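**Student:** can you look at this prediction? I've put the sequence above it.
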There are 2 protein chains.
Amino acid sequence: MSIKVVSSKLAAEIDKELMGPHIGFTLQQLMELAGFSVAQAITREFPINKADQSLRKKNVFVIAGPGNNGGDGLVAARHLKLFGYNPIVYYPKRSEKQPFYKQLVNQLDFFKVPLLSQEDNDNWMDYLKEEDTVCIVDAIFGFSFKPPMRPPFQDIVDKLVELEDKIPIVSVDIPTGWDVDQGPITERFISPSLLVSLTVPKPCSTFINKKKTSHYIGGRFISREFANKFGFEPFNYESTDQVLKI
Amino acid sequence: MSIKVVSSKLAAEIDKELMGPHIGFTLQQLMELAGFSVAQAITREFPINKADQSLRKKNVFVIAGPGNNGGDGLVAARHLKLFGYNPIVYYPKRSEKQPFYKQLVNQLDFFKVPLLSQEDNDNWMDYLKEEDTVCIVDAIFGFSFKPPMRPPFQDIVDKLVELEDKIPIVSVDIPTGWDVDQGPITERFISPSLLVSLTVPKPCSTFINKKKTSHYIGGRFISREFANKFGFEPFNYESTDQVLKI
């Protein structure tokens, strides 16, 4: 099946309209559903086996960036904890602009999810051992990313590139550092094992290595008419699923 | 299995703490998850059969009250539409205090969900034919209800009592008009076919007719430690499920 994609320009219009005065979704609602879908995709790719509960003892290492992609990661971490996983969140640059992100952090504290901050910029890798880690969630930058990458994120991405053959990387919507339309644009780039596209895949998703990367769609919150208006068909999610493997 | 319940007093403390400054859940987040769980419970009790898609042509008739119970119903209706059902929402008294409810209504408009208002107080029953209706969602009053019931809700409840042998009623958290702790306190009362308790069952849930009523728990957003602090064990939800039949 060919993947339907929409350009960054159209995807930005979709987001704007979803949260505009007419439709009136709030960031909190969409982020809750998006983060839930990322967590559900992880349970599908890395299921906790009833016979073998060893995954419960391992960590899901979530790296959250300062914007909405990071917010999706914070929400995903909370749901992963509820689903029986063991998330650790590394959140090196916290946005002060958006008080809701502080609340997402409080919610993680409530669930006793360990949180690393900028004080851990030199030692976050200590929490990331191959044998202890289910996967790394790349919720650093998404859709709105424009180069250059500021510290400490370039350093983080460089280290992730070295790790990706040992620990699977799950990218939220856009692999960090990729161009939304052009895909990988730097010499060294993240190559995720799992990509969760939100609402609709962006053009960069066609550059994933199809042999290596599972591709899911998540963010189940648009109508058929709305999808058609933007030139694509809605995805045929099953039952109450919030993700679909495509 | 005996159902674990917490008193109305404790349940109010739980809600207050969840949305307090320490934990920091927002109403929008909790309502999104609660409404999602109500919709998922409905898919479990009234599944759309792949072989027989007739349920898709029938309606789920959601009656939303002016407060948070109604808000849960509005969210549930949106998810039901996404799950392939055909919700109709009767929302006779809209709160002006809470602008978010207006946004929930806009979201339903976006999904082309038919909305009845106070102008339909005399004819809403016309949309509620036994042969066309999967179930009625009673999202009128919940936890915070104190008698007497103001118009038009007493009239609505009286009509629901007459309908309940013909069309299954799904109550959100508390069957409308029941006392949270004492259960049915009036001569005539709603007797739901499905009760979705949110976060933790309230004492009134022990008064349901166990032969007739399926009981689900939904609202999967608390930690084990938090549940224990309030004297109950968390529920063993499966995988990513947002409801558990108890």
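**Tutor:** Yep, that arrived.

**Student:** switch to C-alpha atoms for all contacts and neighbour counts from now on
**Tutor:** OK.

**Student:** in the helix of greatest length in chain A, what counts as buried?
**Tutor:** In chain A, with assignment by DSSP state H, the single longest helix is helix A:27-45. Counting neighbours by 16 or more other CA atoms under 10 Å in any protein chain shown, one finds that the buried residues in helix A:27-45 are A:27-43.

**Student:** I'd like the average pLDDT over it.
**Tutor:** In this model, helix A:27-45 has an average pLDDT of 98.

**Student:** same question for stretch A:179-187.
**Tutor:** In this model, stretch A:179-187 carries a mean pLDDT of 90.

**Student:** contacts for it?
**Tutor:** Residues from elsewhere that reach stretch A:179-187, judged by CA atoms under 8 Å, 6 or more residues apart in numbering or on different chains: A:7-8, A:142-143, A:145-146, A:174, A:177-178, A:202-207.

**Student:** follow-up on the earlier one: what angle do whatever helix or strand comes next after the longest helix of chain A and helix A:27-45 make?
**Tutor:** Once the chain leaves helix A:27-45, the next helix or strand it forms, by DSSP states H and E, is strand A:59-64. Here strand A:59-64 points in a direction 150 degrees away from that of helix A:27-45 (axes from the mean of the first three to the mean of the last three CA atoms, to 10 degrees).

**Student:** who are the packing partners of whichever helix or strand A:Leu80 is part of?
**Tutor:** In the assignment (DSSP H and E), A:Leu80 maps to helix A:68-82. Applying 3 or more CA pairs under 8 Å, 6 or more residues apart in numbering or on different chains; DSSP states H and E, we find helix A:68-82 packed against helix A:27-45, strand A:59-64, strand A:87-90, helix A:99-110, strand A:133-139, strand A:169-172.

**Student:** so for it, mean pLDDT?
**Tutor:** Mean per-residue pLDDT for helix A:68-82: 97.

**Student:** so what's the residue most central in space within chain A up against?
**Tutor:** Nearest to the mean C-alpha position of chain A, counting by CA atoms, centre = their mean, stands A:Val172 at 2.2 Å. Residues in contact with A:Val172 (CA under 8 Å, 6+ apart) are A:Val38, A:Asn69, A:Asp72, A:Gly73, A:Val137, A:Asp138, A:Ala139, A:Gly142, A:Leu195, A:Val196, A:Ser197, A:Leu198.

**Student:** what residues are up against the residue lying closest to the first one once chain neighbours are set aside?
**Tutor:** Spatially, and ignoring its direct neighbours in sequence, A:Val38 is nearest to A:Ala76 (5.9 Å; CA to CA, 6 or more residues apart in numbering or on different chains). If a contact means CA under 8 Å, 6+ apart, then A:Ala76 has A:Ala34, A:Gly35, A:Phe36, A:Ser37, A:Val38, A:Ala39 as its contacts.

**Student:** quick check, nearest of the residues you listed to B:Arg220?
**Tutor:** Comparing the contacts of A:Ala76 against B:Arg220 with CA to CA places A:Phe36 closest, at 11.8 Å.

**Student:** shouldn't the closest one be in contact with A:Val75?
**Tutor:** Yes. A:Phe36 is in contact with A:Val75 according to CA atoms under 8 Å; the separation is 6.8 Å.

**Student:** up against chain B, what does chain A have?
**Tutor:** For chain A, the contact set with chain B under CA under 8 Å from any CA of the partner chain comprises A:22-25, A:28-29, A:32, A:40, A:43, A:82-83, A:103-104, A:106-107, A:109-111, A:220-223, A:238-240.

**Student:** can you read off the pLDDT for the residue of chain A positioned farthest from its centre?
**Tutor:** Here chain A reaches farthest from its C-alpha mean at A:Ala51, the gap being 28.3 Å by CA atoms, centre = their mean. Looking at A:Ala51, its pLDDT stands at 73.

**Student:** separation between it and A:Tyr85?
**Tutor:** 15 Å (CA to CA, to the nearest Å).

**Student:** and stretch A:207-219, how far out from the chain's middle?
**Tutor:** 12 Å (CA atoms, centre = their mean, to the nearest Å).

**Student:** please read the previous query as pertaining to stretch A:143-156.
**Tutor:** From the chain centre to the centre of stretch A:143-156 is a distance of 15 Å (CA atoms, centre = their mean).

**Student:** check stretch A:126-142 too.
**Tutor:** Put simply, stretch A:126-142 sits 12 Å off its chain's centre (CA atoms, centre = their mean).

**Student:** what's the answer for stretch A:57-75, then?
**Tutor:** 7 Å.

**Student:** who's in contact with that stretch?
**Tutor:** With contacts defined as CA under 8 Å, 6+ apart, stretch A:57-75 is touched by A:31-32, A:34-36, A:38, A:77, A:85-95, A:101, A:104-105, A:108, A:128, A:131-143, A:172-173.

**Student:** only the buried members of the residues you listed: can you turn that into a ChimeraX selection?
**Tutor:** If you want just the buried ones from those in ChimeraX, going by 16+ other CA under 10 Å, the selection is:
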select /A:31,32,34,35,36,38,77,85,86,87,88,89,90,91,92,93,94,95,101,104,105,108,128,132,133,134,135,136,137,138,139,140,141,142,143,172,173
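
**Student:** so, low pLDDT: which residues of chain A?
**Tutor:** A:1-3 (pLDDT under 70).

**Student:** could you redo the last one with a cut-off of 80?
**Tutor:** Residue ranges of chain A with pLDDT under 80: A:1-3, A:50-53, A:96.

**Student:** coming back round to it: the inter-axis angle of the longest helix of chain A versus helix A:99-110?
**Tutor:** 40 degrees.

**Student:** helix A:27-45 vs strand A:133-139, what angle?
**Tutor:** Orientation of helix A:27-45 against strand A:133-139 (the same axes, to 10 degrees) gives an angle of 150 degrees.
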